[in-house]
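> Please find the sequence and the predicted model below.
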Amino acid sequence: MHVKTGLEQLMDAPPEWLRGKRLGLLCNPASVNRHLIHACQLIGQRFPGKLNALFSPQHGFFAEKQDNMIESDHMRDPHSNLEVYSLYGKTRIPTPEMLDDIDILVVDIQDVGTRVYTFIYTLSYCMETAAKTGKQILVLDRPNPIGGILIEGNCLQPACSSFVGRFPIPMRHGLTIGELACLFNQVFEINCHLDVIRMKGWKRNMRFDDTGLPWVAPSPNMPTPATALVYPGQVIWEGTNISEGRGTTQPFEIFGAPFMDPDKTLKAFGLEHQDGFVLRELAFEPVSNKWQARLCRGFQIHVTNPNRYRPYETSLRLLQAMLRVYPEFVRWKSPPYEYEHHRLPINLIIGDQDIRKRIEQLDDMTDIINSWMPGLAEFDGLRQDFLLYPMT
């Protein structure tokens with residue numbers, strides 16, 4: 001079955017209330033239809049003279065900025081000649097003045113289903129500014145590329161709130177960006193005028209490869225749907241001195257460091273925890289970022305059964321195994337990280353300082369996992385009110 005995105009649904013049957021409205025568009029290169037035509041072009045043609053401004057999230061309008069905290073300036077789109085307001089530059093929050101020339105901000109960005117991916121917080125800031133200025137937000141829904149059934153991990157603690165985690169949701173949230181917008185709007189009392197154009201044909205058990213849609217990398221280090229599948233766990237390496245594969249062709253799928261011995265790591269990890277995936281030993285030399293031009297030994301994660309694989313649990317168990325085997329080598333990354341200049345990046349990523357400490361103290365990982373289950377169950381109950389697509 002082929003899925004039709006919110007963008008394609010908008011093109012097929014635009015709601016009457018959009019007629020005559022001045023529009024803005026939050027987008028990046030992944031904002032395309034199945035024929036790889038960009039939303040800016042499609043909306044400009046469908047609503048002649050009404051698209052007045054563009055907005056871009058982290059990594060830039062062209063998704064050209066490789067790393068965190070690499071800002072983008074405002075610019076003009078060379079094709080439409082529209083102003084592009086960067087929401088990852090001098091400000092991450094749109095100013096009221098940026099919305100002066102629009103009535104409705106249309107949002108068409110591809111999320112990846114993980115709490116720390118910043119696009120969802122850019123959306124939340126847009127919603128807050130819209131609420132203050134009386135503007136409307138229209139989200140064009142897109143698939144959660146890792147599915148909409150499974151959720152995983154601890155819910156963010158308020159003390160760890162940052163631009164990689166504004167709200168108390170789990171690491172793998174199991175929602176589409178449209179569903180998240182509805183949850184943010186009501187539960188966290190943003191209360192903006194929000195509408196969502198739903199997809200057609202998307203089912204919660206679908207992963208991106210099931211949708212029939214083309215994948216365009218939403219950010220430079222999210223090259224394939226396979227990357228998105230491992231990302232809810234593999235992102236934790238950003239808070240350490242272990243390479244998460246940036247500076248290679250397979251970021252997040254591969255990881256390692258010069259001090260790693262794969263055999264020792266695998267023994268400490270335990271074969272009984274390899275469920276739904278295989279860790280294949282490899283060596284690599286990053287061309288940038290951590291351990292640039294240094295030989296790193298480590299692994300590639302090959303997911304063999306996505307329904308059984310638990311990315312967050314897997315990567316946390318790997319982290320603890322490395323802390324056990326290489327206590328003199330594994331280090332936490334120092335600030336700054338995503339504009340936080342004092343708090344440890346690993347606390348912001350995991351979203352709970354106590355969990356980080358327990359992992360560091362080599363507490364039993366099963367006990368740690370069990371400790372977040374009540375909060376996860378509570379979130380699962382909460383999200384039911386915002387599901388736009390049924391569980392079955």
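Good, I have the coordinates. Numbering: from 1, shown residues only.
> just for this structure, where's the confidence low?
Along the chain, segments meeting pLDDT under 70 span 1.
> from the chain's centre, how far out does the helix or strand where Leu180 lies sit?
For Leu180, the host element (DSSP states H and E) is helix 177-187. Helix 177-187 has its C-alpha centroid displaced from the chain centroid by 15 Å (CA atoms, centre = their mean, to the nearest Å).
> what does stretch 257-275 give?
From the chain centre to the centre of stretch 257-275 is a distance of 27 Å (CA atoms, centre = their mean).
> send the alpha carbons of that stretch over as PDB?
As requested, the backbone C-alpha atoms of stretch 257-275 are provided in PDB (Å, rounded to 0.1, in the frame of the first residue of the first chain):
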ATOM      1  CA  ALA A 257      36.900   4.200  19.500                       C
ATOM      2  CA  PRO A 258      40.700   3.600  19.300                       C
ATOM      3  CA  PHE A 259      40.700   2.000  22.800                       C
ATOM      4  CA  MET A 260      37.900  -0.500  22.000                       C
ATOM      5  CA  ASP A 261      38.500  -4.200  21.900                       C
ATOM      6  CA  PRO A 262      35.300  -5.700  20.200                       C
ATOM      7  CA  ASP A 263      35.800  -9.100  21.700                       C
ATOM      8  CA  LYS A 264      36.000  -7.800  25.300                       C
ATOM      9  CA  THR A 265      33.100  -5.400  24.700                       C
ATOM     10  CA  LEU A 266      30.900  -8.200  23.300                       C
ATOM     11  CA  LYS A 267      31.700 -10.500  26.200                       C
ATOM     12  CA  ALA A 268      30.800  -7.800  28.700                       C
ATOM     13  CA  PHE A 269      27.600  -7.000  26.800                       C
ATOM     14  CA  GLY A 270      26.400 -10.600  26.800                       C
ATOM     15  CA  LEU A 271      25.200 -12.600  23.900                       C
ATOM     16  CA  GLU A 272      21.800 -13.100  25.600                       C
ATOM     17  CA  HIS A 273      21.000  -9.400  24.900                       C
ATOM     18  CA  GLN A 274      21.400  -9.700  21.100                       C
ATOM     19  CA  ASP A 275      17.700  -9.800  20.300                       C
END
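> Helix or strand: which one has the residue lying closest to Ser162 once chain neighbours are set aside?
In this structure, Ser162 finds its nearest non-sequential neighbour in Leu348, 4.6 Å apart by CB to CB, 6 or more residues apart in numbering. Backbone N, C-alpha and C define where each C-beta goes, glycine included. Assigned by DSSP H and E, Leu348 belongs to helix 345-350.
> go on, Ser124?
Element membership for Ser124 (DSSP H and E) is helix 119-133.
> Check which element follows the helix holding Leu348 along the chain.
Next in line after helix 345-350, if elements are assigned by DSSP H and E, sits helix 353-360.
> sorry, back to before: next, the angle from the helix holding Ser124 to helix 177-187.
Between helix 119-133 and helix 177-187, the angle comes out at 50 degrees (axes from the mean of the first three to the mean of the last three CA atoms, to 10 degrees).
> what's the distance between Asp352 and Cys155?
Separation of Asp352 from Cys155 (CB to CB, to the nearest Å): 8 Å.
> shared neighbours, these two?
Common contact partners of Asp352 and Cys155 (CB atoms under 8 Å, 6 or more residues apart in numbering): Trp372.
> residue contacts, Asp101?
Each residue near Asp101 by CB under 8 Å, 6+ apart is listed here: Arg22, Gly24, Asn52, Ala53.
> Same list (the residues you listed) but as JSON lines, adding secondary structure, neighbour count and distance to Phe299.
Listed next are the contacts of Asp101 as JSON lines, based on DSSP: H, G, I helix; E, B strand; the rest coil; neighbours: other CB atoms under 10 Å; distance: CB to CB, whole Å:
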{"residue": "Arg22", "secondary structure": "coil", "neighbour count": "17", "distance to Phe299": "51"}
{"residue": "Gly24", "secondary structure": "strand", "neighbour count": "28", "distance to Phe299": "43"}
{"residue": "Asn52", "secondary structure": "strand", "neighbour count": "16", "distance to Phe299": "49"}
{"residue": "Ala53", "secondary structure": "strand", "neighbour count": "21", "distance to Phe299": "45"}
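> The residue nearest to Ser162 contacts Val164, correct?
Yes. Using CB atoms under 8 Å, Leu348 makes contact with Val164 at a distance of 5.6 Å.
> thinking again about what came up before, who are the packing partners of the helix holding Leu348?
The contact analysis (3 or more CB pairs under 8 Å, 6 or more residues apart in numbering; DSSP states H and E) places helix 345-350 against helix 353-360.
> in the helix it packs on, what's buried?
Across helix 353-360, burial judged by 16 or more other CB atoms under 10 Å covers Gln353, Ile355, Arg356, Arg358, Ile359.
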